[in-house]
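Asker: dropping a prediction and its sequence here:
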Amino acid sequence: MSEVRIAAEPRTEFGKGPSRRIRRANKVPAVLYGHGEQPRHFTLPGHELMLALKRDANALLTLQTEDGDQLALPKVIVRDPIRGHLEHVDLVAVRKGEKVTVEVPIHLVGDAAPETLVDQQTMTLTVSADATELPEFVELSIQGKRAGSSLSAGDVKLPAGTTLAQDPEHVIVAILGVISEEELEAELTEAEAELGSGQAGAEAIEAEAAEAAGETEGDEVGAGEDGPSDEGDAPKSDPAS
């Protein structure tokens, strides 16, 4: 891993105003936590810090303070959402020989089998190691992997002194098969046929419903016009009686 010596000036003013003045001077407000001590506030040179974190998000920083050198690792990095400039950094104090847990990037190496797609579902791996021996990244080989196969966190080969600190069954990468042009056309044709059948069925159901509604209406009209009426069926009086 990379180690960077960086000057750390004590910071005594706090709030939005002082922070803006620090940033206008191309510096970055920082807070150092750890080892049960009170947080310590510093101002760090922006350009040097940006270069250190650009090369390695877990860069080991040697803060040159008034009280001597202090090893620290980045914990929280806040950047301007538009320009990407560093706005604030939280650091955690560490010592040589101390085990820490961090996330490191996963680099895929090798080539999967022909006619496959590589779906990397997880970009980082959580590991534990000596604070001064953290790997900048880990590698995972996909050489010759065929469609339908997958690789998990437990498949990553870790450097000596580094241990896995997450579920070994967590899927890192999946190898998918490539759909040929013929298969794609066949799937589209089948989908269109199913869609057409669905529309035809819906139209048939609507037609049956309309026909049934028409027959019902006709029956109701016939009963009112041509059916027997109470008045017509009543016996007529016999004038002779």
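Answerer: Sure thing, it's come through. Numbering: from 1, shown residues only.
Asker: just the strands in the protein please.
Answerer: Using DSSP state E, the strands of the chain run over 3-7, 9-10, 27-33, 40-45, 60-65, 68-79, 86-93, 99-109, 116-120, 124-130, 138-141, 150-152, 163-164, 171-177.
Asker: show me the shaky parts of the protein.
Answerer: Across the chain, the ranges flagged by pLDDT under 70 are 1-2, 197-205, 212, 214-241.
Asker: coming back round to it: turn the strands of the chain into CSV, columns for mean neighbour count and distance to residue 191.
Answerer: Every residue, glycine included, has its C-beta placed from N, CA and C. Compiled in CSV, these are given as follows (neighbours: other CB atoms under 10 Å; distance: least, CB to CB, whole Å):
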stretch, mean neighbour count, distance to residue 191
strand 3-7, 14, 56
strand 9-10, 14, 65
strand 27-33, 21, 55
strand 40-45, 20, 58
strand 60-65, 18, 55
strand 68-79, 16, 44
strand 86-93, 19, 50
strand 99-109, 16, 33
strand 116-120, 14, 21
strand 124-130, 19, 38
strand 138-141, 17, 36
strand 150-152, 16, 28
strand 163-164, 13, 43
strand 171-177, 17, 19
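Asker: turn the ones you listed into a markdown table, including distance to residue 51.
Answerer: As requested, these are exported to a markdown table (distance: least, CB to CB, whole Å):
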| stretch | distance to residue 51 |
| --- | --- |
| strand 3-7 | 8 |
| strand 9-10 | 18 |
| strand 27-33 | 12 |
| strand 40-45 | 10 |
| strand 60-65 | 12 |
| strand 68-79 | 13 |
| strand 86-93 | 11 |
| strand 99-109 | 18 |
| strand 116-120 | 27 |
| strand 124-130 | 21 |
| strand 138-141 | 23 |
| strand 150-152 | 33 |
| strand 163-164 | 30 |
| strand 171-177 | 29 |
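Asker: residue 46 versus residue 17, what's the distance?
Answerer: To residue 46, residue 17 is 18 Å away according to CB to CB, to the nearest Å.
Asker: please say which of those two ends up with more neighbours.
Answerer: Each of residue 17 and residue 46 had its neighbours counted (other CB atoms under 10 Å), and the higher figure belongs to residue 46 (17 against 9).
Asker: just give me the neighbour total for residue 185.
Answerer: Other residues lying near residue 185 total 11 when counted by other CB under 10 Å.
Asker: centre of the chain to stretch 76-93, how far?
Answerer: For stretch 76-93, the separation from the chain centroid amounts to 21 Å (computed by CA atoms, centre = their mean, to the nearest Å).
Asker: what sits up against it?
Answerer: With CB atoms under 8 Å, 6 or more residues apart in numbering as the contact definition, stretch 76-93 has outside contacts at 19, 23, 28-35, 37, 44, 46, 49-50, 53, 57, 61, 63, 70-75, 100.
Asker: and if you look at stretch 45-53?
Answerer: For stretch 45-53, contacts defined as CB under 8 Å, 6+ apart pick out 2, 4, 6-7, 23, 26-28, 59, 61, 74, 77, 85-86, 89.
Asker: and stretch 39-56, end to end?
Answerer: Distance across stretch 39-56, first residue to last, is 24 Å (CA to CA, to the nearest Å).
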